[in-house]
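Chemist: Just need the structure, nothing else, for what follows:
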Amino acid sequence: MTVVPALSVVLAGGGTAGHVEPALALADALRRRDPATVITALGTVSGLEARLVPARGYALAEIPRVPLPRRPTPDLLQVPGRLLSAVRRTRAHLDRVGADVVVGFGGYVAMPAYLAARRRGTPIVVHEANARAGIANRVGARLTSSVAVAVDGTGLRGARVIGIPLRASVAALDRAAARESARAALGLGPGPVLLVTGGSQGARRLNMAVTGASRDLAVAGIQVLHVAGPNQADDVRAQLDPSAVVTHTVVPYVDGMELAYAAADLAVCRAGAMTCAELAAVGLPAVYVPLPIGNGEQALNAGPVVRAGGGLLVADADFDAACVRSLVLPLVTDAARLAAMGTAAAALGHRDADEALADLVLEAVRGSR
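Modeler: Below is the predicted model:
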């Protein structure tokens, strides 16, 4: 009797939650299909993955960080040597775990993974979460035909549009069914709830704009669940109008954002790829305020759901207390409009991207054998 060795999958996505969380969602999907699957995540000691990967029960294989400068700088001269070192370290990890496939999600961990896999003859699968592909995934997509993207228009030819793999707790969320229990868990009562979140570190502009309008929100009877970020929560509380202390709940973070999504009627947020994907999947309308950095990818990320009617887009420079009063306040109290926006958002959402990407991974492995 021939014993088939367990599938060994190496994941390459580090630095931000937008790279790490989809990788972990794929890992969960593969393990659901076969608990014997060996999962190894590549990462650095300083990246978010150093905390998130072990916390989810997966092995982390460390490689050197190789940042790629966006503009010509003296550091650019050191990239080839650093990259070669990272590729060698990555190749050693691939050999050690007997990698059957490498799945990359972009970022500084993905580039050495793609190059090491190519040298070793290991199948490559690429997933691009953003509306505009980064340099690592543009390179990776040239090395494989197994490419998946969150939305159309990334510039990666032949890619399958599958959405972004999401945590099961988000992908399976029924907002209506979970609303009452979620509000109770978060200390919220009946009535409109506005969720304000700027990501894991918060967003100073969002925080300032919403606290500047806190009196108006309180007078209108709007409850605010304000995820201010661990370094800004105290400042946000100090800036609240005294009338808003009861209705404005300020927390540094929420452990399990599905609770916040279930409790809220409207979100005010940045437009990272993961945020856009999660809100669309659960059908939560949002006012997106893209972070004005990089190549403008956050505005592009929010574009599809905004065009479909599931959200509104406000430039960072235009989002202030006056905007909250004139735009956000009347919207969060308009139940009919919010319902229509939620339906439009949900129509674009992908709740099964983890399974779709798992299919692509297994196809790549079968095609190499």
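
Chemist: gap between the nearest residue to residue 31 once chain neighbours are set aside and residue 89?
Modeler: Leaving aside its chain neighbours, residue 31 sits nearest to residue 37 (5.6 Å; criterion: CB to CB, 6 or more residues apart in numbering). Glycine gets a C-beta too; all of them are placed from N, C-alpha and C. If you measure residue 37 against residue 89 using CB to CB, to the nearest Å, the figure is 23 Å.

Chemist: And the helices in the stretch 251-369 of the chain?
Modeler: With DSSP state H, counting those that start in this stretch as the definition, the stretch 251-369 of the chain shows helices at residue ranges 257-263, 273-282, 297-307, 321-323, 329-332, 335-348, 353-368.

Chemist: Only C-alpha atoms, please: export stretch 291-306 in CSV.
Modeler: This file holds the C-alpha atoms of stretch 291-306, laid out as CSV (Å, rounded to 0.1, in the frame of the first residue of the first chain):
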residue,chain,number,x,y,z
LEU,A,291,-5.7,56.9,3.0
PRO,A,292,-3.9,59.1,0.5
ILE,A,293,-0.7,57.1,0.1
GLY,A,294,1.1,54.9,-2.4
ASN,A,295,-0.4,54.7,-5.8
GLY,A,296,-3.9,55.6,-4.7
GLU,A,297,-4.8,51.9,-4.2
GLN,A,298,-7.3,52.5,-1.4
ALA,A,299,-9.5,54.7,-3.5
LEU,A,300,-9.4,52.0,-6.2
ASN,A,301,-10.2,49.3,-3.6
ALA,A,302,-13.4,51.1,-2.7
GLY,A,303,-14.4,52.0,-6.3
PRO,A,304,-16.4,48.9,-7.2
VAL,A,305,-18.7,48.9,-4.1
VAL,A,306,-19.1,52.7,-4.3
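
Chemist: and stretch 6-23, how far from the chain's centre?
Modeler: Relative to its chain's centre, stretch 6-23 lies at 12 Å (CA atoms, centre = their mean, to the nearest Å).

Chemist: In the longest helix belonging to the chain, which residues are buried?
Modeler: Counting residues, the longest helix found in the chain (DSSP state H) is helix 79-97. Buried residues in helix 79-97, counted by 16 or more other CB atoms under 10 Å: 82-83, 86-87, 89-91, 93-94, 97.

Chemist: any low-confidence regions in this structure?
Modeler: Across the chain, the ranges flagged by pLDDT under 70 are 1-4, 67-79, 200-202, 369.

Chemist: Could you chop this protein up by domain?
Modeler: The record's domain split for the chain, according to automatic domain parsing, is 8-166+351-368, 172-348.

Chemist: Quote the end-to-end distance of the first one.
Modeler: Going back to what we said before, that points to domain 8-166+351-368. By CA to CA, to the nearest Å, the extent of domain 8-166+351-368 from end to end equals 14 Å.

Chemist: What distance do you get for the residue nearest to residue 31 to residue 9?
Modeler: Counting by CB to CB, the gap from residue 37 to residue 9 is 6 Å.

Chemist: same question, residue 27
Modeler: For residue 27, the distance to residue 9 - CB to CB - is 7 Å.

Chemist: How are the strands of the stretch 51-200 of the chain distributed by residue range?
Modeler: For the stretch 51-200 of the chain, the strands defined by DSSP state E, counting those that start in this stretch cover 59-62, 101-104, 124-128, 147-149, 160-161, 193-197.

Chemist: need these in TSV with mean neighbour count and distance to residue 350, can you?
Modeler: TSV is the format used below for the strands of the stretch 51-200 of the chain (neighbours: other CB atoms under 10 Å; distance: least, CB to CB, whole Å):
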stretch	mean neighbour count	distance to residue 350
strand 59-62	17	27
strand 101-104	29	17
strand 124-128	28	12
strand 147-149	24	11
strand 160-161	14	9
strand 193-197	26	21
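
Chemist: Now tabulate the ones you listed in CSV and tack on distance to residue 334.
Modeler: What follows is the strands of the stretch 51-200 of the chain, written out as CSV (distance: least, CB to CB, whole Å):
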stretch, distance to residue 334
strand 59-62, 46
strand 101-104, 42
strand 124-128, 35
strand 147-149, 34
strand 160-161, 32
strand 193-197, 12
